[in-house]
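K.L.:
I would like the atomic coordinates for the input below:
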Amino acid sequence: MIIKHLKILLTILFLCPSGAVQAAQLPILKIESNSVLKDTEKGIIYGPENMLDEQSATMWVEGEGSAGLGKYISVKFPQEVDLSQFRIWAGCFLDADFWKRHNRVKTLEFKFPDFTSERVELEDVMEAQLVSLKEAKRVSSVKIYLRDFYKGSTWNDTAITALEFFDKRGPEGHIEGISATASSHYPDEEDSYTADKAVDGWLDTHWVNGPGSGQDDHIDIDIGGSKTLTRWGISVGNGGTDSFFKGSNRARRVTLLFSNGSRKTFSLDDDPKLQEFELSGVRTSTVRVTFSDIVKGASNDDFYVGEVRFWE
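P.N.:
Model (predicted):
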């Protein structure tokens, strides 16, 4: 049985990006907002820290009920940084329907500690937008104001699912834009559990296998040309809650087969977090990821993989 879930995060004051810190991505010490939507009936807080958790089902939503124009997000860095670019997932990225129903940001205004500011216009597209500031700023903090929005079809709430900041080098993290197919997938009406969900950058979307426990199932990943890989990472299991994780199948061993014919086998912890491993410079254009030593779930026989990543 497939269980869809919305992971709820409580307010956290001090945050850094999950996983290894990317060379050009700027770590965040603290993120706050002067407006947060709180659903007291469901116990959900749509706080700004949700923008840092790499999950498509959590987000910051302003709490005004009127698009939130004039409200802001306050970001503090651990030290002075050279802020040059930012990347934003504007809107609710839970799925295409929810993205259309919520407001999306159209115009942001960055206000800097030296009393200068810059307005930025965004496109109305359900994809990450990487934006360069007109002038890099040496700052330890920044405030980002909502100035205009694209109207949602249902709710007058403005959402941002994820937000990242960079110096002039831009994103230098794991390889992006890779594609994947699999030996099977769970056949639901919306194709919600296909192999591409394991390489889409979100930790809370999943590839789920078809019939069977997941033993010897595999994902074939095309990394977009021949590259030298130095590191890789994987999250296995349905990590929404501890009961979801233990209720579904997980793998304790995985084997990587590279296009050069070599292979490497790794042991996995029985843990939903992203686990990372060194690769020592393997040259390849594709990777087949095969799963074995399956731990049986307590409530269903579905095998989940949240994310597979590679670094050069």
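
K.L.:
which residues in the stretch 201-312 of the chain form strands?
P.N.:
Here the stretch 201-312 of the chain has its strands, by DSSP state E, counting those that start in this stretch, at 207-208, 218-236, 250-258, 263-267, 275-295, 304-311.

K.L.:
Let me know which of these is the nearest to Ser84.
P.N.:
With CB to CB as the criterion, Ser84 lies closest to strand 304-311 of those, at 21.8 Å. The C-beta positions use only the backbone N, C-alpha and C, and glycine is treated the same way.

K.L.:
Which elements pack onto the closest one?
P.N.:
Counting contacts by 3 or more CB pairs under 8 Å, 6 or more residues apart in numbering; DSSP states H and E, strand 304-311 packs against strand 207-208, strand 218-236, strand 275-295.

K.L.:
circling back to that earlier point, out of the strands of the stretch 201-312 of the chain, which comes closest to Arg169?
P.N.:
Of all the strands of the stretch 201-312 of the chain, strand 304-311 comes closest under CB to CB, at 15.1 Å.

K.L.:
and stretch 190-210, C-alpha only, in CSV?
P.N.:
Coordinates of the C-alpha atoms in stretch 190-210 are reproduced here as CSV (Å, rounded to 0.1, in the frame of the first residue of the first chain):
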residue,chain,number,x,y,z
GLU,A,190,-0.6,9.7,-11.7
ASP,A,191,2.7,7.9,-12.2
SER,A,192,3.9,9.3,-8.9
TYR,A,193,6.5,6.7,-8.2
THR,A,194,8.6,6.5,-11.4
ALA,A,195,12.4,6.4,-11.5
ASP,A,196,12.8,10.1,-12.2
LYS,A,197,11.5,10.8,-8.7
ALA,A,198,14.8,9.3,-7.4
VAL,A,199,16.9,12.0,-9.2
ASP,A,200,14.6,15.0,-9.0
GLY,A,201,16.5,16.8,-6.2
TRP,A,202,13.7,16.3,-3.6
LEU,A,203,14.2,14.0,-0.6
ASP,A,204,10.5,13.4,-0.1
THR,A,205,9.6,12.1,-3.6
HIS,A,206,10.2,8.4,-4.2
TRP,A,207,10.8,5.7,-6.8
VAL,A,208,8.8,2.7,-5.6
ASN,A,209,9.3,-0.7,-7.2
GLY,A,210,6.6,-2.8,-8.8
